[in-house]
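[1] compute the structure for the input listed below.
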Amino acid sequence: MTDRDPAPRVRALLDAVRTEGRTTLTAPEGKVIADAYGIAVPDEALAADADEAVAHAARFGGPVVMKIVSPDITHKTDAGGVIVGVEGESDVRAAFAEIVANAGSYDPEARVEGVQVQELLPSGQEVIVGAVTDPTFGKVVAFGLGGVLVEVLKDVTFRLAPVDGGEALSMLDSIRAAEVLRGVRGAPAVDRSAVAEQIRRVSRLVTDFPEIAEVDLNPVIATPKGAVAADIRVILAEKVPKVRRTYTREEILTSMRRLMRPSSVAVIGASNEAGKIGNSVMRNLVDGGFAGEIHPVNPKGGDIAGRKAYKSVTDVPGEVDVAVFAVPAKAVASVLEEVGRKGIPNAVLIPSGFAETGEHALQDEVVAIGERYGVRLLGPNIYGYYATWQNLCATFCTPYDVKGGVALTSQSGGIGMAILGFARTTRTGVSAIVGLGNKSDLDEDDLLTWFGEDPRTECIAMHLEDLKDGRAFVAAARATVPKKPVVVLKAGRTAAGAKAAGSHTGALAGDDAVYDDILRQAGVIRAPGLGDMLEYARALPVLPAPRGDNVVIITGAGGSGVLLSDAVTDNGLSLMEIPPDLDASFRAFIPPFGAAGNPVDITGGEPPATYEATIRLGLSDPRVHALVLGYWHTLVTPPMVFAELTARVVAEFRERGIEKPVVASLAGDVEVEEACRYLFERGVVAYPYTTELPVAVLGAKYRWARAAGLLGGGSMT
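    Now for the predicted structure:
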């Protein structure tokens with residue numbers, strides 16, 4: 001960098017721009033920032049008249065670019081304010097006059113400070129480097145192909161700012177046209193380090209100055225000898241965003257521990273009347289076998305569900321960990337005051353009638369009360385929550401008690417019930433099911449922080465429509481992913497792009513594009529649909545982590561083998577190139593009309609012994625890291641025979657310390673459904689009637705293994 005500390009110089013400039021009431025910097029002002037932060041830009045000078053323009057052009061000694069400089073003209077090209085390749089005194093004078101005239105025609109009121117004369121850069125690969133302020137994730141840096149291609153292809157990738165050198169380099173490999181940067185059809189490769197350095201410096205700039213809303217380097221001319229920004233555009237934010245209250249990791253874990261492992265629960269609005277929410281919550285807590293204290297609260301007092309009812313929560317003896325609200329929305333605030341005075345750390349707000357119906361003021365009032373007393377709020381507008389290992393069913397929905405290692409959360413009540421039904425149908429063991437609703441306080445990063453530390457939880461799956469604090473979520477995910485998979489279903493993939501779009505980068509930063517890249521950067525597995533999320537959550541704890549990239553398909557049907565091969569490619573997996581000795585070993589077990597190679601086609605008429613021998617071979621060879629099995633229903637090898645032999649062989653190798661992920665696709669009559677259930681229960685992820693799903697699950701396991709650092713090429717940089 002040109003300055004040891006560039007901040008004072010940039011601070012003075014930005015303050016001056018603010019004083020003038022502007023949000024867009026002029027090109028010379030952008031040059032000041034670029035020089036301060038070491039962002040490579042061409043030599044340039046500001047000409048107040050044609051004579052100065054001629055002198056500057058002569059000093060650069062070659063063709064130049066001339067651009068209008070006006071604080072009132074944002075899009076210079078649209079105003080006819082840019083002319084490229086100007087050379088010679090007469091042409092410079094003519095270009096100066098034309099640019100000024102065009103600016104006057106475009107906006108007669110525009111203030112013109114002069115014309116920028118800029119050194120013309122040599123030809124090279126045009127790329128775009130920029131940064132935007134995303135409403136969810138804050139400062140985000142962007143990279144993609146520049147010029148016309150960026151508008152047409154929108155081949156852009158995003159990362160949280162700031163990025164280090166390694167993260168910046170990873171962005172060059174994350175666009176679809178990455179090969180272009182490495183050199184194609186005889187073209188030389190660009191200086192990747194120079195491009196990455198431009199990204200890194202822009203990311204530092206916007207991190208140092210949060211009031212910078214957008215930065216655009218477009219185009220950056222990348223050549224084998226460097227990367228220089230032909231144009232830099234800087235836009236300031238109209239206003240500073242409101243700072244959200246945050247909690248330390250220790251504070252989150254302390255409150256979540258009492259929420260998920262309570263010793264005492266109060267039900268506010270408890271009732272003996274069937275059909276009321278307060279009655280359903282009480283019955284679920286009592287009938288579910290919760291071993292802690294259950295305190296019904298009702299202004300009428302009396303006896304509810306065989307327990308003494310208290311007229312006020314302040315009358316409940318001893319400490320209470322959780323207050324579950326089953327009262328109308330209009331009563332929540334006053335009762336929450338009592339909960340706060342009682343010192344209860346968690347309030348589960350089941351009632352609807354808050355922000356989701358336009359009652360923002362009522363929700364804000366409740367949040368303010370919670371903050372004042374230090375009460376963490378779950379909801380409002382939720383179905384409640386389940387903590388199965390505590391036999392806790394604090395919900396008005398149907399109970400669920402199958403204990404296991406999957407934690408499931410949803411922002412929507414309807415999705416929550418779909419989660420519940422899926423879990424029941426598949427007998428998926430869960431550690432918790434939690435509704436988030438309006439997320440007035442507790443949200444995904446709080447739950448993720450807890451489930452990341454919870455020894456009962458092996459996999460976390462979350463349905464979300466938005467994130468209140470994307471950076472807090474990413475931090476929680478980065479702390480969790482090395483220990484266990486995190487699966488996210490992000491709704492709203494077709495949401496409109498960023499509204500501001502003051503720059504090329506801003507226009508490209510659509511909601512979903514940013515979500516997709518940032519979630520991947522955090523190591524999160526993004527599920528394409530609800531069914532996928534649930535299947536990933538169910539299956540990932542079953543599969544052992546792979547220890548290498550070599551996937552082998554063993555199939556009894558050639559057609560299935562082709563579809564399974566397609567699925568392997570679609571999910572970013574690698575079909576192993578079978579070495580000659582292993583190929584010969586496989587051929588020893590299959591008929592002459594079968595096919596070795598990969599897929600290994602043993603043909604459909606083979607007996608159980610052929611399936612068993614080839615599966616054994618795949619598991620025993622250390623060069624094979626994962627198996628995909630394609631079964632075709634025949635009377636020679638019935639479905640349950642296949643399932644039993646496969647499960648037995650996998651278990652045998654597991655006992656010997658050889659664990660590899662094995663997934664299976666079963667095609668056949670309805671008997672294959674029972675066979676799949678049998679396999680799933682024994683550590684082989686198997687599905688009937690689909691070649692795509694088992695491989696998608698395997699692909700998800702591989703993505704997690706890379707993100708967790710168990711395989712090369714991890715996405716958590």
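[2] isn't there a helix covering Thr136?
    No. Applying DSSP: H, G, I helix; E, B strand; the rest coil, one finds Thr136 to be coil, outside a helix.
[3] make sure it is actually in contact with Gly470.
    Yes. Between Thr136 and Gly470 a contact is recorded at 3.9 Å, counting by Cβ atoms under 8 Å. C-beta here means a position set from N, CA and C on the backbone, and glycine is covered the same way.
[4] ok, these two, which is more surrounded?
    Gly470 (23 against 16; other Cβ atoms under 10 Å).
[5] now do the contacts for the more buried one.
    For Gly470, the contacting residues are 134, 136-138, 518, taking Cβ atoms under 8 Å, 6 or more residues apart in numbering as the criterion.
[6] what would these look like in a markdown table with distance to Cys459?
    Converted to a markdown table, those look like this (distance: Cβ to Cβ, whole Å):
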| residue | distance to Cys459 |
| --- | --- |
| Asp134 | 28 |
| Thr136 | 24 |
| Phe137 | 24 |
| Gly138 | 28 |
| Ile518 | 21 |
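[7] and which of those is nearest to Arg18?
    Ranked by distance to Arg18 (Cβ to Cβ), the contacts of Gly470 are led by Gly138 at 20.4 Å.
[8] nearest residue to the closest one other than its sequence neighbours?
    Arg471 (5.7 Å; Cβ to Cβ, 6 or more residues apart in numbering).
[9] before we move on, what about Gly226?
    Ala194 (4.6 Å).
[10] which of the helices or strands spans the one you found?
    helix 192-208 (DSSP states H and E).
[11] quick one: least confident helix or strand in the chain?
    Across the helices and strands of the chain, the lowest-confidence element by mean pLDDT, DSSP states H and E is helix 504-508, at a mean of 50.
[12] three-state assignment of Asp51?
    Remark: Asp51 carries the secondary structure label helix [criterion: three-state DSSP].
[13] any idea how far it is from Pro455?
    When distance is defined by Cβ to Cβ, to the nearest Å, Asp51 is 77 Å away from Pro455.
[14] more neighbours: which of the two?
    Under the criterion of other Cβ under 10 Å, the comparison of Asp51 against Pro455 puts Asp51 first, with 13 against 8.
[15] against Val141, how distant is Asp216?
    12 Å.
[16] helices or strands next to the helix holding Ala194 in the packing?
    Packed against helix 192-208, as judged by 3 or more Cβ pairs under 8 Å, 6 or more residues apart in numbering; DSSP states H and E, are the following elements: helix 7-19, helix 27-37, strand 125-134, strand 138-145, helix 165-172, strand 212-223, strand 226-229.
[17] so which of these gets nearest Trp632?
    Evaluated with Cβ to Cβ, the helices and strands packed on helix 192-208 place helix 165-172 nearest to Trp632, the distance being 41.7 Å.
[18] what does the closest one contact?
    Outside of helix 165-172, the residues within contact range by Cβ under 8 Å, 6+ apart are 141, 143, 157, 159, 163, 178, 181, 192-193, 195-197, 199-200, 203, 521, 717.
[19] if we use 6 Å, what do you get?
    By Cβ atoms under 6 Å, 6 or more residues apart in numbering, the surrounding residues in contact with helix 165-172 are 143, 157, 159, 181, 192, 196, 199-200, 717.
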